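> Okay, sequence plus prediction incoming.
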Amino acid sequence: MGIFSKNSSDREITLSDIKLPEHIGIIMDGNGRWAKKRGLPRSAGHKAGAQTFRKISRYCSDIGIKYLTMYAFSTENWSRPKEEVDTLMRYFKDYLEEALRDFGDDTISVKFLGDIYRFPPELTELMIKNETLSAAHTGMVLNLAMNYGGRAELVNAFRQMSDKLLSGELSKDDIDEKLISDHLYTRGQPDPDLIIRPSGEHRTSNFLLWQSAYSEYYIDDVLWPDYTTEHLDKALIEYSKRSRRFGGV
Ligand code: IPE
Ligand code: IPE
Ligand code: MG
C-alpha cells in the first residue's frame with residue numbers, strides 16, 4: 001500500500017498536498033536481471049514483472065491518474081531469443097484474457113500503442129476486444145505500448161500524412177506539430193508529464209520520442225519486479241517538487 005492509500009497509517013503527505021501528473025509513462029525494465037540475481041530463468045522475471053504491472057496500474061487508477069502508458073514490448077524486443085518472446089506472448093495473453101473477464105466492474109479504458117497486427121492473430125484479436133469493450137469506460141486510460149517504438153510510430157505517422165498529401169486531403173502548409181501529434185498512437189491524449197524508468201538505465205529505449213519532449217524523467221534503481229507503490233509515491237513527490245519551465249524562465 002502506498003502512502004496515498006486510504007488505509008495507510010502514514011498520513012504525512014496526502015494526495016491533496018501534491019500536484020499529480022495527468023499522464024505517467026513507465027518503462028517496465030529489469031525483469032531479466034531480477035531473475036538472474038535469484039538464479040532463476042528470465043521467464044520468472046517476466047512473470048513477477050507481470051504481477052507488478054497489475055499492481056501498479058491498479059494503484060494509478062485508484063489514486064486518480066488520468067493516463068498511464070506502460071512500455072511492455074518494444075519493436076526491438078522481437079530480436080530476443082524465440083523462447084523468451086514466446087514466454088512474453090503467453091503472459092500477454094493471460095493478462096488480456098483476465099482483463100476481459102474483469103471488465104464488467106472496471107472503469108479502466110485500455111488502448112494499444114504500436115502495430116498490433118504483428119502479434120499472433122489470437123493476441124491481436126484479444127487486443128481489439130479489450131480496446132472495444134473498454135472504450136466507453138470513463139476511468140483511467142491505460143495505454144499498453146506493445147510492439148511499440150517511437151521511431152516506428154513516426155514512420156507510420158509520416159506515411160499516413162503522405163497519403164493525405166498525395167490525395168489532396170492535406171497540403172504542405174497543414175503540416176505542423178499538432179498534425180503530427182494527431183497521427184501518433186497517442187492522438188487526442190496529453191503528452192506524458194512524468195516518465196519513470198526502473199532498473200537504473202538512463203535512456204529512452206525508443207519510448208514516446210515525440211511526446212516526451214518536455215516530460216520529467218525519474219530513474220529508479222529498483223528492478224521492475226521489486227517496484228512497489230511506495231517507489232511510485234516517491235517519484236510522484238519528487239515530480240511535484242520539480243519546476244517545469246518548458247523553455248521559459
Ligand atoms: C523488461 O525487462 C521486459 C521487457 C523488455 C519485455 P528486461 O527483460 O529488459 O530485463 P533486463 O533489462 O534484461 O533486466
Ligand atoms: C525497454 O527495455 C523496452 C521495454 C521495457 C518494453 P529494454 O530492456 O528492451 O531496453 P534496452 O535494451 O535496455 O535499451
Ligand atoms: Mg531491459
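Thanks, I have it. Ligands and ions are numbered 1, 2, ... in the order given.
> For Ala152, which non-adjacent residue is spatially closest?
Leaving aside its sequence neighbours, Ala152 sits nearest to Thr75 (C-beta to C-beta, 6 or more residues apart in numbering; 4.9 Å). Heads up, the C-betas are built off the backbone N, CA and C, glycines and all.
> Tell me the pLDDT of that neighbour.
Looking at Thr75, its pLDDT reads 98.
> Which positions in the protein make contact with ligand 1?
Within reach of ligand 1 by C-beta under 6 Å from any ligand atom, the chain has these residues: Met28, Asp29, Gly30, Asn31, Gly32, Arg33, Phe73, Asn77, Leu88, Ser199.
> my read: the third one touches Arg197, true?
No - taking C-beta atoms under 8 Å as the contact criterion, Gly30 and Arg197 are not neighbours in contact, 9.2 Å apart.
> and the residue of the chain found nearest ligand 2, what does it touch?
Going by C-beta to the nearest ligand atom, ligand 2 is nearest to Ser205 of the chain, at 3.7 Å. Neighbouring residues of Ser205 by C-beta atoms under 8 Å, 6 or more residues apart in numbering: Ile27, Asp29, Tyr71, Ser74, Glu76.
> In PyMOL, how would I select just the buried ones from those?
To isolate the buried subset of the contacts of Ser205 in PyMOL, counting by 16 or more other C-beta atoms under 10 Å, use the following:
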select buried, resi 27+29+71+74
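> I'd like the distance from the residue of the chain found nearest ligand 1 to Leu208, if you could.
Nearest residue of the chain to ligand 1: Gly32, at 2.7 Å (C-beta to the nearest ligand atom). Using C-beta to C-beta, to the nearest Å, Gly32 is found at 22 Å from Leu208.
> Also Ser43?
Separation of Ser43 from Leu208 (C-beta to C-beta): 27 Å.
> follow-up on the earlier one: model confidence score at the residue of the chain closest to ligand 2, please.
98.
> same question, Thr14
Looking at Thr14, its pLDDT reads 65.
> do the same with the one 4 residues further on
According to the model's per-residue confidence, Ile18 sits at a pLDDT of 89.
> got the contact list for it?
Shown in contact with Ile18 (C-beta under 8 Å, 6+ apart): Leu236, Ile237, Ser240.
> The first one - how many residues pack around it?
Around Leu236 sit 25 other residues, with neighbours defined as other C-beta atoms under 10 Å.
> tell me the secondary structure for it?
Following DSSP: H, G, I helix; E, B strand; the rest coil, Leu236 is assigned to helix.
> That one: what's it in contact with?
Per C-beta under 8 Å, 6+ apart, neighbours of Leu236: Phe4, Ile18, Leu20, Pro21, Leu194.
> Need the CA coordinates for the helix or strand hosting Ile56. PDB is fine.
For Ile56, the host element (DSSP states H and E) is helix 42-63. Output in PDB follows, covering the C-alpha atoms of helix 42-63 (Å, rounded to 0.1, in the frame of the first residue of the first chain):
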ATOM      1  CA  ARG A  42      14.400 -14.900 -17.300                       C
ATOM      2  CA  SER A  43      10.800 -16.100 -17.700                       C
ATOM      3  CA  ALA A  44      10.500 -16.000 -13.900                       C
ATOM      4  CA  GLY A  45      11.400 -12.300 -14.000                       C
ATOM      5  CA  HIS A  46       8.700 -11.700 -16.600                       C
ATOM      6  CA  LYS A  47       6.100 -13.500 -14.600                       C
ATOM      7  CA  ALA A  48       7.000 -11.400 -11.500                       C
ATOM      8  CA  GLY A  49       7.100  -8.300 -13.600                       C
ATOM      9  CA  ALA A  50       3.600  -9.000 -14.900                       C
ATOM     10  CA  GLN A  51       2.300  -9.100 -11.300                       C
ATOM     11  CA  THR A  52       4.000  -5.700 -10.600                       C
ATOM     12  CA  PHE A  53       2.300  -4.300 -13.700                       C
ATOM     13  CA  ARG A  54      -1.200  -5.400 -12.400                       C
ATOM     14  CA  LYS A  55      -0.500  -3.800  -9.000                       C
ATOM     15  CA  ILE A  56       0.900  -0.500 -10.300                       C
ATOM     16  CA  SER A  57      -1.700   0.000 -13.000                       C
ATOM     17  CA  ARG A  58      -4.500  -0.600 -10.400                       C
ATOM     18  CA  TYR A  59      -2.800   1.800  -8.000                       C
ATOM     19  CA  CYS A  60      -2.500   4.600 -10.600                       C
ATOM     20  CA  SER A  61      -6.200   4.200 -11.400                       C
ATOM     21  CA  ASP A  62      -7.100   4.300  -7.700                       C
ATOM     22  CA  ILE A  63      -5.200   7.500  -7.000                       C
END
